[in-house]
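[1] Sequence first, predicted coordinates after that:
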Amino acid sequence: MSKVARIALVSNTDFSLYNFRMGLMRTLLARGYDVHVVCPDGEFIKELVKEGIHHHPLYMDRKGKNPLREIRTLWQLYRVFRKERFDMVHTFTIKPNIYGNIAAKLAGIPVVINSVTGLGYVFTDGGWGKNLLRWLVVNFYRLSFRFAQEVIFLNRDDFEVFQKYKIVSARKGVVLKGEGIDTGKFSPGNVNRDRVEQINRELSLPDRSRPVVVTLVARLLWDKGIREFIEAAKILKQKYPQTLFLLVGPIDTGNPAAVSGEYLQQAHEGDLIKYLGERRDVPEIMYISDVVTLPSYREGIPRVLLEAMCMEKPIVTTNSVGCKEVVEEGKNGFLVPIKDHVALASAIEKLVNNEELRVKMGKYGREKALREFDERIIVNRTLQIYEELLANRSSERE
């Protein structure tokens with residue numbers, strides 16, 4: 001009887017594992033793999049454990065740069081890897097990628113895969129401080145990525161950046177079109193109708209003559225375009241005062257680019273937006289929305305736009321890396337320049353004034369999501385990578 005392969009997924013949050021990679025882990029479990037996650041404790045751990053996934057706690061200061069704390073994270077990863085003797089480790093995001101590779105090498109893990117889900121804060125424009133941080137990250141990447149067998153990117157632009165900085169060779173990288181989306185979960189026909197009614201009451205939305213609802217769902221970081229969204233709302237509220245602008249997402253205090261609570265409070269109290277905080281009913285919020293926007297400066301493949309497409313909503317986003325991959329201009333949405341709130345307002349206005357166009361774009365967006373971004377497509381390709389690497393490792397041992 002062949003040995004059951006033990007696979008560990010390593011991330012900086014339990015949230016991302018549960019919300020973005022559950023389909024992959026369920027498929028692994030169904031195929032008989034022994035599935036583990038290594039991540040900080042959080043509210044989604046109990047959900048992961050219910051699925052039959054083993055959890056190994058990890059200390060990680062996502063924002064911190066204290067060398068002792070970083071060494072603590074590296075040491076914890078090494079101890080877990082050394083104890084559990086995984087057959088494969090798959091890491092996500094910057095710190096797990098860098099520290100996970102080094103720890104896996106020291107612990108003798110035979111197969112390591114990294115996923116670059118976006119280039120993050122350090123690769124956006126900035127001053128000398130960010131340039132120095134980028135230099136450090138690039139050099140840590142160069143060191144650690146030597147130990148990976150495969151590096152997965154969500155778009156070709158990011159892959160080319162890593163080749164430009166000589167972090168990853170062309171033979172080691174592979175581009176998958178995002179991380180996939182559960183098109184069944186995110187479907188207009190699968191929402192919780194009672195929850196929809198609760199949201200309508202919460203927002204005081206009338207049954208008739210409803211205002212147009214424009215929604216942004218994101219971690220509240222400046223580089224997600226939060227300022228541009230609020231400035232666009234300021235323009236449009238003067239012309240269409242009944243239009244409702246919803247902002248949904250957590251204030252990510254672990255990120256240097258976090259939006260300040262004071263700024264959000266001013267926008268909320270000024271009646272420009274309604275800030276709803278972090279929510280677990282995003283499908284229902286998108287259901288009551290008419291337009292979904294994400295004016296981000298750079299993404300891997302923005303999951304929130306895929307969710308909006310699945311929910312048959314037109315999207316307005318920036319002509320930036322990652323975002324442009326999901327939009328066919330004029331068919332399922334509009335692209336606008338980065339950091340241009342006037343252009344953002346103009347594109348949103350086209351949809352505010354044209355219900356027929358909103359419906360047409362929404363229908364096309366769902367068709368595109370089913371055709372190109374369905375979770376099953378990405379999961380099957382990821383499993384193919386897993387099985388090829390594990391098979392190669394087995395043949396090397398023989």
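    Great, that's in hand. Numbering: from 1, shown residues only.
[2] show me where pLDDT drops low in the stretch 51-200 of the chain?
    Low-confidence segments of the stretch 51-200 of the chain, defined by pLDDT under 70: 62-65, 120-130.
[3] which residues in it form helices?
    Along the stretch 51-200 of the chain, counting by DSSP state H, counting those that start in this stretch, helices occupy 67-84, 94-107, 128-144, 156-164, 193-202.
[4] Pick the most buried one from those.
    Counting by mean count of other Cβ atoms under 10 Å, helix 94-107 has the highest mean neighbour count of the helices of the stretch 51-200 of the chain, with a mean of 23. Every residue, glycine included, has its C-beta placed from N, CA and C.
[5] neighbouring contacts of it?
    Applying Cβ atoms under 8 Å, 6 or more residues apart in numbering, the contact partners of helix 94-107 are 10-12, 60, 62, 70, 73-74, 77-78, 81-82, 85, 89, 91, 112, 114-116, 120, 122, 137, 140-141, 143-148.
[6] Pull the contacting residues for residue 360.
    By Cβ under 8 Å, 6+ apart, the contact set of residue 360 is empty.
[7] quick one: what helix or strand has it in it?
    Element membership for residue 360 (DSSP states H and E) is helix 355-372.
[8] Alpha carbons of that helix, as CSV, please.
    Backbone C-alpha positions of helix 355-372 (Å, rounded to 0.1, in the frame of the first residue of the first chain) are rendered in CSV as follows:
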residue,chain,number,x,y,z
GLU,A,355,-29.5,50.0,-16.1
GLU,A,356,-29.7,48.1,-19.4
LEU,A,357,-25.9,48.4,-19.7
ARG,A,358,-25.4,47.2,-16.2
VAL,A,359,-27.5,44.1,-16.8
LYS,A,360,-25.8,43.3,-20.1
MET,A,361,-22.3,43.7,-18.6
GLY,A,362,-23.2,41.6,-15.6
LYS,A,363,-24.5,38.7,-17.7
TYR,A,364,-21.3,38.7,-19.8
GLY,A,365,-19.1,38.9,-16.7
ARG,A,366,-20.6,35.7,-15.3
GLU,A,367,-20.1,33.9,-18.6
LYS,A,368,-16.5,35.0,-18.6
ALA,A,369,-16.0,33.9,-15.0
LEU,A,370,-17.4,30.4,-15.8
ARG,A,371,-15.3,30.2,-18.9
GLU,A,372,-11.9,31.4,-17.6
